[in-house]
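[1] let me see the structure of the following:
(chains A and B)
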Number of protein chains: 2
Amino acid sequence: MSDHLHHPARAELELAAVLHALSDPIRLRIVVGLARGDARSCRSFELPVTKSTCTHHFKVLRDAGVIHQRQEGTARLNTLRRDDLDARFPGLLDTILTAAG
Amino acid sequence: MSDHLHHPARAELELAAVLHALSDPIRLRIVVGLARGDARSCRSFELPVTKSTCTHHFKVLRDAGVIHQRQEGTARLNTLRRDDLDARFPGLLDTILTAAG
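    Numbering: from 1, shown residues only, chains lettered A, B, ... in the order given. Here you go, the predicted model:
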């Protein structure tokens, strides 16, 4: 169902791209929210941005390999790729979550 | 001598801005080089970019509070603001340096 959504493989994750994805206050807020564990839709975050901007932010996070997106009916559900991030960049996600929290 | 170079105070450092400053391969390379400790000029890095691009990258790092710049004669010497970064965002710089190294 999510074949059209590109996700980089773990080995393809690049530090600069991950840092870029996390270098925006809205995207940091999304990642902090997803770190609590549940798959969530864009809308559930009630962010102060338009729907298309929200979609853009999630795409930046997906392209960098920070989140996984899957389509379920009309909703697109997002989860944090914690295992992949921890494997490639040990400690990075946790220090950023702590700093952002 | 460096009064004209703006440096944000420690309390003003923002996570998103620091991550943005570090979200570029050239700037990561600069920071890895500065982490070895010595004050270094732009030119000493022998980066594959023009002088003006190099100057731009150092300005992005300075504006975000990642580096300190001081003018010495015709040279501008750069040092990493490790203490400030460690105080504001514990562990962040080290995890990024490890991931970049």
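
[2] state the pLDDT value of the residue located most distally from the centre of chain A.
    Most distant residue from the mean C-alpha position of chain A: A:Gly73, 20.0 Å away (Cα atoms, centre = their mean). The model reports A:Gly73 with a pLDDT of 90.

[3] distance of it relative to chain B?
    Look at A:Gly73 and chain B: by Cβ to the nearest Cβ, to the nearest Å, they are 33 Å apart. Just so you know, the C-beta spots here come from the backbone N, C-alpha and C atoms, and that holds for glycine as well.

[4] quick one, phi/psi of that residue?
    Note on A:Gly73: backbone dihedrals following degrees, to the nearest 10 are phi 60, psi -120.

[5] is stretch A:11-29 in proximity to chain B?
    Yes - Stretch A:11-29 comes into contact with chain B (Cβ under 8 Å from any Cβ of the partner chain), by way of A:15-17, A:19-20, A:22-25, A:28.

[6] show me just the buried residues among the residues you listed.
    A:15-17, A:19-20, A:22-24, A:28 (16 or more other Cβ atoms under 10 Å in any protein chain shown).

[7] any chance of these in a markdown table, with secondary structure too?
    What follows is those, written out as a markdown table (DSSP: H, G, I helix; E, B strand; the rest coil):
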| residue | secondary structure |
| --- | --- |
| A:Leu15 | helix |
| A:Ala16 | helix |
| A:Ala17 | helix |
| A:Leu19 | helix |
| A:His20 | helix |
| A:Leu22 | coil |
| A:Ser23 | coil |
| A:Asp24 | coil |
| A:Leu28 | helix |
